[in-house]
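Trainee: coordinates only, no sequence provided:
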């Protein structure tokens, strides 16, 4: 198949030039001995981006269009600055969407009232991209000190993949992480042009190979209930039912509540956790 010309050819030339400007050491790879040409090999870029070598080769040859998510991943892999990222997206025919002002997600008053009333069970309000918008003291006690995190770090999927304590909390981390990626995939289908979602996916794909692999598998879920198994450093093993309650106003805010069946060891452990970490107020975005 004959390579295309124009923007696709320019995109390929740009990708080739940028990988030629990097060394394996720049991206944390072993040197691997002498090279016939300078820079990274195609297979190394593909490995770092969690895509196939054939797919990346087709991008460089102008025979394959690139999605916004793949462009975000490649921008991180190739260590592009903001100007180069803008140029990359222009070459691909997908200009970066830069709103004149960022509209913050606002916690609904009804969600706040619900959190205030849930005193013996962990509860979290999730917004777009599974951002953690608010939490109650029990969620703090179970997961992490959300208030100590920068706002951009308060994302459920990001914490699962990048926070060692949150990762260790899950008895079956792989199952929990796969489900979270599938839920994020479903959200991507409803908001395909969300630039912050593209950034999140790009960063996690670079930071964690499993995320990149599972994201590329395109599994999606909108499951609103299930069972979660935790191993908490204070109260030990917990088996909790997880239910999601969606706001009816179209804000994409969901209340995630974790409960234990009365009379079970997990129910007793939640009561211990509640008394151990009693706090007067809930948290919310800064």
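Mentor: Yep, that arrived. Bear in mind that the values here come from a model prediction, so they are computed numbers and not experimental data.
Trainee: do you know how far residue 147 is from residue 153?
Mentor: Using CB to CB, to the nearest Å, we find residue 147 at a distance of 11 Å from residue 153. Where C-beta positions appear, they are placed from N, C-alpha and C, glycine not excepted.
Trainee: these two: which has the busier surroundings?
Mentor: With other CB atoms under 10 Å as the criterion, residue 147 and residue 153 differ in neighbour count, and residue 153 comes out ahead with 15 against 12.
Trainee: show me what contacts that one?
Mentor: Contacts for residue 153 (CB atoms under 8 Å, 6 or more residues apart in numbering) come out as residue 159.
Trainee: ditto for residue 50
Mentor: Residues counted as contacts of residue 50 (CB under 8 Å, 6+ apart) are 73, 205, 209, 211-213, 215-216.
Trainee: for residue 181, see how far away it is.
Mentor: If you go by CB to CB, the gap between residue 50 and residue 181 works out to 12 Å.
Trainee: what touches both of those two?
Mentor: By CB under 8 Å, 6+ apart, the residues touching both residue 50 and residue 181 are 211, 215.
Trainee: doesn't residue 62 make contact with residue 12?
Mentor: Yes - counting by CB atoms under 8 Å, residue 12 does reach residue 62; the two are 4.8 Å apart.
Trainee: how close does residue 113 get to residue 136?
Mentor: Counting by CB to CB, the gap between residue 113 and residue 136 amounts to 12 Å.
Trainee: out of those two, which sits in the more crowded spot?
Mentor: residue 136 (25 against 10).
Trainee: in this model residue 118 seems to touch the more buried one, though I could be wrong.
Mentor: Yes - the pair residue 136 and residue 118 passes the contact test of CB under 8 Å, sitting 5.5 Å apart.
Trainee: any idea which helix is longest in this protein?
Mentor: Using DSSP state H to assign secondary structure, the helix with the most residues in the chain is helix 173-190.
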